[in-house]
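Colleague: sequence plus predicted model, see below.
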Amino acid sequence: MATGKTLKELAEYLGGTVAGDVGKTVTGVASLDDAGSEQITFLANPKYAAKVATTRAGAVVLPPGAERHGRNAIVVANPYLAFAKLLTLFHVASRPSRGILDGARVGQGVKVGENVTVYPGATLGDGVTLGDRVTIHPGAVVYEGVTIGDDVTIHANAVVYQGCRIGNRVTIHGGTVIGSDGFGYAPDGDGYYKIPQLGIVVIEEDVEIGANTVIDRAALTATVIGRGTKIDNLVQVAHNCVIGQNCTIVSQVGISGSTRLGNHVTLAGQVGVAGHLTIGDNVMVGAKSGIPGNVPSGSLVSGIPAFGHREWLRSMAVVPKLPDLKKTVAALEKRVMELEEKLAAG
Amino acid sequence: MATGKTLKELAEYLGGTVAGDVGKTVTGVASLDDAGSEQITFLANPKYAAKVATTRAGAVVLPPGAERHGRNAIVVANPYLAFAKLLTLFHVASRPSRGILDGARVGQGVKVGENVTVYPGATLGDGVTLGDRVTIHPGAVVYEGVTIGDDVTIHANAVVYQGCRIGNRVTIHGGTVIGSDGFGYAPDGDGYYKIPQLGIVVIEEDVEIGANTVIDRAALTATVIGRGTKIDNLVQVAHNCVIGQNCTIVSQVGISGSTRLGNHVTLAGQVGVAGHLTIGDNVMVGAKSGIPGNVPSGSLVSGIPAFGHREWLRSMAVVPKLPDLKKTVAALEKRVMELEEKLAAG
Amino acid sequence: MATGKTLKELAEYLGGTVAGDVGKTVTGVASLDDAGSEQITFLANPKYAAKVATTRAGAVVLPPGAERHGRNAIVVANPYLAFAKLLTLFHVASRPSRGILDGARVGQGVKVGENVTVYPGATLGDGVTLGDRVTIHPGAVVYEGVTIGDDVTIHANAVVYQGCRIGNRVTIHGGTVIGSDGFGYAPDGDGYYKIPQLGIVVIEEDVEIGANTVIDRAALTATVIGRGTKIDNLVQVAHNCVIGQNCTIVSQVGISGSTRLGNHVTLAGQVGVAGHLTIGDNVMVGAKSGIPGNVPSGSLVSGIPAFGHREWLRSMAVVPKLPDLKKTVAALEKRVMELEEKLAAG
């Protein structure tokens, strides 16, 4: 845990303003319910505003206009973001770099930046390049010719195949595989002939990729994950995909080959996207949906196959009533026939 | 293979009673069709009762009331369970413990119980605690400060992140990742700011977790897998989830963050559950379903989004008939209009 | 990159015929747009036929009957297959074998063929057998008693459990787990008793398996992947499944226990198949579908639950119109009632 910080220091760190005692010192962050007098808390959800009066916290991060009930406070535009930043400041210990440790396997011609840590049991193939402050955990395997930027963390047993490029400030979690062969075969009589997968994967800056995810290498060019995009666990990104910037791709999503996502696309859990599609900017896809065609920017879609999310909600509300609807229609047919007969007879 | 056992010994092991020769010795278990005179077989499904008369087995495990056709028999309440226990007795060899083998990587301050086996290429970080009779296979990586109970098996290339706690008699299969960071970010301008994931994962006793599954660590507290729960391969359990006891979570299920499952919940394959939900006890969810809201105890639900399973089956039976239904309604509209016109004209 | 080849040599390799200069030499393959005078290109899609006249390529692979615009050409029945073969010929470097390298962990009684490469950090358990020209990448763990054929590649951090059998020319990508325990338990009071999984996995010849896939071992016999079948990333194949020959199983598919697939079955992405089913030959299942019952040979099905693909498309076209359909039926009910009342009154 870090040593204490004054509210003045914290306000500068957060880009906020102090109301109350600028010299008040806190040593950590906790919730409105749990914080003590040496801790700072935060109000992110207005429905808990009354707790600001009763919390035992030494200080509170508040949004503009919130009542501070006489508390020492820091006012910021986005208290939830401030909470995340305070957690990082107080509670995330930076690991001191330890160099290339005994038992790490380092190939020929490997270039290594400053302040790296390569754990025992990690493998760096021939010609790998590591930037500064890189951490490679045990069992991670980096094939030959991979380039890794600064401030990258690769967790245990992740794999990066040959020639892929990992940008600055990227984190790859345990068991994830980057750069495996795309799934491409040409029919050849009764069987299949493998199409060599000669491209790479490029992970741009500030990307985080969860555990046991797979991103396949391109057939000829590069599968690209754009800057700032966050990918959850057990996600499939097929060969030749180009994912835009600051996308959010939730667990167990699958994106088929050669599909392009714009920026700020959100794919909720277990979504599937067909191949060779273009998904525009700021598209949001509801959980478990299947995307069979292009999606214009700004769309919010759901369903298998997907259409407008609100329309989908309305249609899904009818689904449980389908048996009744069918019965009603059958009864109507009979009644209409009877009416027709009566009129014909009449 | 174990040496032979008498029916008397086996009846005690299974909690059953012998009918026939209590001294008859058998050396293994096989199916009604395949068993020989030195093997015991079992009748779990009544439709195969006639095979008891014709099997060449030396003895048969029968449910109460089944005809033994003069065979040596052990009568138990649950022959299928008895079969599993006999398989374990006769055919599962216990591996002798081999200690910490050369090539295992053991950090500082690691505490190890009795009769453990830590294979070459396994990694135990600083301050790890292992109970008795623990087996850590090659390539498994246990980060610093993890606590592991007695009789735990961690298979090859599984990963347990720092500080997680694994209870007694837990098995974790190959490639599974326990304790990776939860998927949490605060929007920050155009991009995202990572919310530190400072909690842990707690796996209670008698849990088995399949291969390439991922269970994320909590943001602040603990993601919990309850006692006796069985989790299949490629499952996603997000941060802050609390899974109850004796649940059955089938392959490729995804459970979103902060959701709580009761006890004896069954999630069939590829189910998705949204975040921050409460799923009651004894809930069963049909394969591929999507759960958007809380589910009361004892419910059986299916569909995307899910509703009652029987109602879902009835609705799904209508789906293939929707085009006909639509045509019928269009035709009815026309016929009703004609009737209206005739009556107006009449 | 390989040295140059004459069109005569390439025509023999591809089983085609030369039109133009049989002595023309090329050194690589590229697209119609990108190829230069020392490269050969190909026309697979007739809509690009006009580019044959304008490409700068030194030669073109053409289908029978295509206009060669005076270019040097090789005519073959399947130019796309020829493209894959030319990529392999010119651009896939065979790795020279390096033997069992220092830092590889080799158990007792391991038998190794000729020209293998076992990288540092790979593990071969006791009694493992490797054929000729096998490559085992770092971190791959092969448990005891596994048999591996000729020309097999096992990528980094893949795991093969005890006793499994891998045929000739099989490739297994990073992080994939073969032979983990099937998900089988017998209810035992409040909890579950594990059914020992005593079988194996058999991978036949010419199979390729993607990254982070899981194929569970059988309870008593063998889970089988048939010759020539291709399996993508993050796929689940449960215990006792028997998959036929030359199947194509796309990413994130899950196949439940004891299901049998015929030959040439295609399961698109995220499909789920229930257990104990028989899926015939040449069946195709659309993406995200759920298969609840047997499927006859030659079927093309989609949906959850699945039915005929064309019928499914027609039904799905109605789904967005369900709210309107429901309103129309309600209005019809009212109009029919009014008609009935008028007639009764009349």
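Modeller: Yep, that arrived.
Colleague: ok, which stretches of the stretch 151-300 of chain A are helices?
Modeller: Ranges of helices in the stretch 151-300 of chain A, per DSSP state H, counting those that start in this stretch: none exist.
Colleague: for chain B, what are the nearby residues on it?
Modeller: Proximity of the stretch 151-300 of chain A to chain B, by C-beta under 8 Å from any C-beta of the partner chain, involves residues A:155-157, A:171, A:173-175, A:206, A:208, A:210-212, A:228, A:230, A:232-234, A:245-246, A:248, A:250-252, A:269-270, A:287-288. Every residue, glycine included, has its C-beta placed from N, CA and C.
Colleague: just give me the residue closest to the centre of chain A.
Modeller: A:Lys230 (2.8 Å; C-alpha atoms, centre = their mean).
Colleague: buried among the residues of the stretch 151-300 of chain A next to chain B? Make that a ChimeraX selection.
Modeller: Filtering those down to the buried ones (16 or more other C-beta atoms under 10 Å in any protein chain shown) takes a single ChimeraX command:
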select /A:155,156,157,171,173,174,175,206,208,210,211,212,228,230,232,233,234,245,246,248,250,251,252,269,270,287,288
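Colleague: can you narrow the residues of the stretch 151-300 of chain A next to chain B down to the ones near chain C?
Modeller: By C-beta under 8 Å from any C-beta, the members of these lying near chain C are A:157, A:175, A:212, A:234, A:252, A:270.
Colleague: show me which pair in the residues you listed is furthest apart.
Modeller: Pairwise distances across those (C-beta to C-beta) peak at 24.1 Å, for the pair A:Asn157 and A:Gln270.
Colleague: report the secondary structure state of the closest residue to A:Gly286 other than its chain neighbours.
Modeller: Nearest residue to A:Gly286 in three dimensions, chain neighbours excluded: A:Ser302, at 3.3 Å (C-beta to C-beta, 6 or more residues apart in numbering or on different chains). The assignment at A:Ser302 comes out as strand when based on DSSP: H, G, I helix; E, B strand; the rest coil.
Colleague: isn't A:Ser302 right next to A:Val283, touching?
Modeller: No. A:Ser302 is beyond contact range of A:Val283, at 11.7 Å (criterion: C-beta atoms under 8 Å).
Colleague: quick one: which of the two has more around it?
Modeller: A:Ser302 (26 against 23; other C-beta atoms under 10 Å in any protein chain shown).
Colleague: what's the single longest helix in chain A?
Modeller: Looking across chain A with DSSP state H, the single longest helix is helix A:322-345.
Colleague: got any ranges where the stretch 1-150 of chain A has weak pLDDT?
Modeller: Applying pLDDT under 70 to the stretch 1-150 of chain A picks out residues A:1-2.
Colleague: contact residues of it facing chain C?
Modeller: So the stretch 1-150 of chain A meets chain C at A:105, A:121, A:123, A:139, A:141, A:143 (C-beta under 8 Å from any C-beta).
Colleague: if we use 6 Å, what do you get?
Modeller: Counting by C-beta under 6 Å from any C-beta of the partner chain, the stretch 1-150 of chain A comes close to chain C at A:105, A:123, A:139, A:141.
Colleague: so where's the stretch 201-346 of chain A uncertain?
Modeller: For the stretch 201-346 of chain A, the ranges with pLDDT under 70 are A:346.
Colleague: interface residues of it facing chain C?
Modeller: For the stretch 201-346 of chain A, the residues in contact with chain C (C-beta under 6 Å from any C-beta) are A:212, A:214, A:236, A:254, A:272, A:290, A:304, A:307, A:311, A:314-315, A:318, A:328-329, A:332, A:335, A:339, A:342.
Colleague: what does stretch A:3-12 contact?
Modeller: Applying C-beta atoms under 6 Å, 6 or more residues apart in numbering or on different chains, the external contacts of stretch A:3-12 come out as A:17-18, A:22-25, A:27, A:59, A:74.
Colleague: how about the contacts made by the nearest residue to A:Lys326 once chain neighbours are set aside?
Modeller: With sequence-adjacent residues excluded and distances taken as C-beta to C-beta, 6+ apart, A:Lys326 is closest to B:Val318, at 5.2 Å. B:Val318 sits next to A:322-323, A:326 when contact means C-beta under 6 Å, 6+ apart.
Colleague: repeat the analysis, applying 10 Å as the threshold.
Modeller: A:319, A:321-327, B:324-325, C:315 (C-beta atoms under 10 Å, 6 or more residues apart in numbering or on different chains).
Colleague: which of those sits closest to B:Thr221?
Modeller: The closest of those, once distances to B:Thr221 are taken by C-beta to C-beta, is A:Val319, at 37.5 Å.
Colleague: show me how chain A divides into domains.
Modeller: Domain ranges of chain A: A:5-91, A:97-226, per automatic domain parsing.
Colleague: I figured A:His137 hits A:Ile154, correct?
Modeller: Yes. If you go by C-beta atoms under 10 Å, A:His137 and A:Ile154 touch, sitting 6.4 Å apart.
Colleague: okay, how far is it across stretch A:63-75, tip to tip?
Modeller: Taking C-alpha to C-alpha, to the nearest Å, stretch A:63-75 runs 6 Å from one end to the other.
Colleague: buried sites along it?
Modeller: A:63, A:66, A:68, A:71-75.
Colleague: distance to C:Asp181 added to the contacts of B:Val318, as TSV?
Modeller: Below are those laid out as TSV (distance: C-beta to C-beta, whole Å):
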residue	distance to C:Asp181
A:Val319	38
A:Lys321	44
A:Leu322	41
A:Pro323	41
A:Asp324	46
A:Leu325	46
A:Lys326	45
A:Lys327	48
B:Asp324	47
B:Leu325	47
C:Ser315	40
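Colleague: just the buried ones from these?
Modeller: Buried among those (16+ other C-beta under 10 Å): A:319, A:322, A:325-326, B:325, C:315.
Colleague: now for the residues you listed, which pair is the farthest apart?
Modeller: A:Leu325 and C:Ser315 (13.8 Å).
Colleague: which neighbours do those two share?
Modeller: In contact with both A:Leu325 and C:Ser315: B:318, B:322, B:325, using C-beta under 10 Å, 6+ apart.
Colleague: quick one: the nearest residue to the second one once chain neighbours are set aside from C:Leu325, how far?
Modeller: What sits nearest to B:Leu322 in space, not counting adjacent residues and going by C-beta to C-beta, 6+ apart, is C:Val318, at 4.1 Å. Look at C:Val318 and C:Leu325: by C-beta to C-beta, to the nearest Å, they are 7 Å apart.
Colleague: mutual contacts of those two, please.
Modeller: With C-beta under 10 Å, 6+ apart as the test, C:Val318 and C:Leu325 both reach A:315, B:322, B:325-326.
Colleague: related to what we said a few turns ago, more neighbours, A:His137 and A:Ile154?
Modeller: A:Ile154 (29 against 25).
Colleague: identify the residues contacting stretch A:332-346?
Modeller: B:328-329, B:331-333, B:335-336, B:338-339, B:342-343, B:346, C:329, C:332-333, C:335-337, C:339-340, C:342-344, C:346.
Colleague: which of the residues in it are buried?
Modeller: Along stretch A:332-346, these residues count as buried under the neighbour rule (16+ other C-beta under 10 Å): A:332-333, A:335-336, A:339, A:343.
Colleague: CA atoms only: put it into CSV for me.
Modeller: Extracted C-alpha coordinates of stretch A:332-346, given in CSV (Å, rounded to 0.1, in the frame of the first residue of the first chain):
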residue,chain,number,x,y,z
LEU,A,332,-60.8,-17.1,-36.8
GLU,A,333,-60.5,-19.2,-39.9
LYS,A,334,-63.4,-21.3,-38.8
ARG,A,335,-65.5,-18.4,-37.8
VAL,A,336,-64.8,-16.6,-41.1
MET,A,337,-65.7,-19.7,-43.0
GLU,A,338,-69.0,-19.9,-41.1
LEU,A,339,-69.7,-16.3,-41.8
GLU,A,340,-68.9,-16.8,-45.5
GLU,A,341,-71.3,-19.8,-45.5
LYS,A,342,-74.1,-17.9,-43.8
LEU,A,343,-73.8,-15.0,-46.2
ALA,A,344,-73.6,-17.3,-49.2
ALA,A,345,-76.7,-19.1,-47.9
GLY,A,346,-78.4,-15.9,-46.9
